[in-house]
Every structure is written in C-alpha cells, then in structure tokens.
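J.: any chance you could fold what I've pasted below:
(one chain, ligands or ions: 2)
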Amino acid sequence: MAVNFDIECTNAGYQPHHGHWVLRGIHLTAAPRERIAVLGPNGAGKTSLLHMLVGIKPIHEGQIRVGGVDVSQDSHIASIRQSVGLIFQEPDDQLFCATVYEDVAFGPRQMGLSETVVDARVRSTLDAVGMADQACSVSHHLSSGQKRRASLATVLVMQPKILLLDEPTNDLDPRGRRMLERILLDCPQTLLIATHDLEFVLRVCQRAILLDQGRLITDGPASQILSDARLMDEHGLEVPGSLRERHWPVSSGE
Ligand SMILES: Nc1ncnc2c1ncn2[C@@H]1O[C@H](COP(=O)(O)OP(=O)(O)OP(=O)(O)O)[C@@H](O)[C@H]1O
Ligand SMILES: [Mg+2]
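T.: Ligands and ions are numbered 1, 2, ... in the order given. As a prediction, this is how the structure comes out:
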C-alpha cells in the first residue's frame, strides 16, 4: 500500500550565494505521526534543513514536498505554513508581540478564528506549557526558559499537522523537559526535532537521522544510532549516558 508521506525530500540541496553546499543530496521521508530526531554537530545543517521545509531557505537542487505540497513553489508557501509549525532555535525570533498572551493569540487570530475560540486555545496552551500565570507578562522580559515555553505555545496553539522543533529543550529546567516530553508523546503530529539533547531523543523519538557537513550520514532507529559509539565519535557526538551505563555497568567491586 502506498504511504502518503508528510515530508519527502528528494536529493535536496541548499547552496547560499553559489558558495559551499550547506546541505546536499538529502533524501528523507517521514510518514504521518513519526517522531524523528535530527542529529549532528554544530553547523551540520539541522536548522537549515528545518528552514528549507517551510520555505525560509530556498531549495537549490532536488525537491521537497511537505504535506504533499511542493515547497519550491512560492504560491504554496502560505498553505505549507498553515499545516507546518516551526519552533525556532532562538525564541526571540518567535516572540514579537507586547505580551505572552498576544504572542500566543497571534497565529490563531491570523487563522480567522473567533475571539472566544482564540481565548480558549490560548489559555489551554499556556496551561499545558506551564505559563498560565505569565499570560500578561512582557515576552521580552521573560527568562530564557520561560521564553522557550512561550515560543512552544505560539506553535502548539496552531495545532499544525507537522511540527518542526529546533533545539526545543534548550534552557528548559528538568520539569520543563518532562512537560515537553509528555506533550510531544501525546501529540498526534508528525515531529522532526533538531537537538543535541540525546536523552530526550531516546525518550521521544523512534527514529533519527544524522547529518554532518551538510550530508545525511545515516537514518535509522534512534536507539541504534545513539548507541553506536564509533559513529557518534566520528561525527562529534557522544553516546548518551543512559546507554553507556547499560553497556558498561559500574563495577560492584568484586
Ligand atoms: N545563508 C547562509 N549563508 C552562508 N552560510 C550559511 C547560511 N545559512 C547557513 N549557513 C551555514 O550552514 C552551516 C549549517 O548551519 P545550521 O544553522 O543549519 O547548522 P546546525 O546544524 O543547526 O548547527 P547548530 O547545532 O549550531 O544549531 C553553518 O556553517 C552556517 O554558517
Ligand atoms: Mg541549529
């Protein structure tokens, strides 16, 4: 039976200013409701890939289809942005209104929802990310972790079909990470999560892709990739502590 993929990259490449290829030869498919981690060292191309999927960065080679729609056609960008939510690596890129409430309400209002529906959605989303008490706070005066929670809310409130999350656990305290973990495990969306938080990957993602120097190195079960010490070392990463402990139990002293 044919699968209708939510994300389909075929030989996709991005080469800004005709210089070096930031990404090249990327083949990737994501089926509905898959939760996929995007791994790789700094500068590997993770953020660039997420930005290509929503048309922020252009496609210079190959093709990308998101939700069945060709991203390279400008006329499709508006519909893609309705079905795809991107949580930026920097929360300051996501928060631009006077208050947290206004920031979270901005997207639903753009969708033309009634003020009653907007209010209900904003309040339940702020509650879900632990920010109900901060609705009237000035977004730019929040702490880093609070900004992260607010930026998550601005996207979750839209209930997009596909969620792209760029370093979503940065600045979150342990309770915040557990909250995000629960939200993502419960949510019906297809998820692509760029992150260096490998313990989080083990808990949330079934699958991972590994990028390095703009190339897709491997694509497979997250636990298998993360436990491959040689692969991880070759690409500037480390096997997460919980998997190391499993393979190298602490000596009991016998
Ligand atoms: N418009 C651009 N012009 C030139 N170089 C760019 C452009 N956009 C991205 N790059 C380069 O592409 C590389 C990949 O950047 P990207 O932000 O995608 O990496 P990343 O994997 O997200 O890294 P990090 O883990 O640090 O967030 C970097 O070397 C960056 O400088
Ligand atoms: Mg990045």
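
J.: so the residue most central in space within the chain, which state does it fall into?
T.: Residue closest to the average C-alpha location in the chain (CA atoms, centre = their mean): residue 165, at 1.6 Å. Under DSSP: H, G, I helix; E, B strand; the rest coil, residue 165 falls in the strand class.

J.: now do it against residue 65, distance only.
T.: 20 Å (CB to CB, to the nearest Å). Every C-beta, even on glycine, is put in place using the N, C-alpha and C of the backbone.

J.: and the residue of the chain found nearest ligand 2, what does it touch?
T.: Residue of the chain nearest ligand 2, by CB to the ion: residue 47 (3.2 Å). Residue 47 makes contact with 89, 166, 194, according to CB atoms under 8 Å, 6 or more residues apart in numbering.

J.: quick one: it is in a strand?
T.: No: judged by three-state DSSP, residue 47 forms no part of a strand; its state is helix.

J.: per-residue pLDDT, it?
T.: Here, the pLDDT recorded for residue 47 equals 98.

J.: can you tell me which of the contacts of residue 47 has the most neighbours?
T.: residue 194 (25 neighbours; other CB atoms under 10 Å).

J.: identify the bridge partners of that residue.
T.: residue 38, residue 166 (DSSP bridges).

J.: residues contacting it?
T.: 37-39, 46-47, 49-50, 89, 164-167.

J.: same thing but at 6 Å, please
T.: 38, 46, 50, 166 (CB atoms under 6 Å, 6 or more residues apart in numbering).
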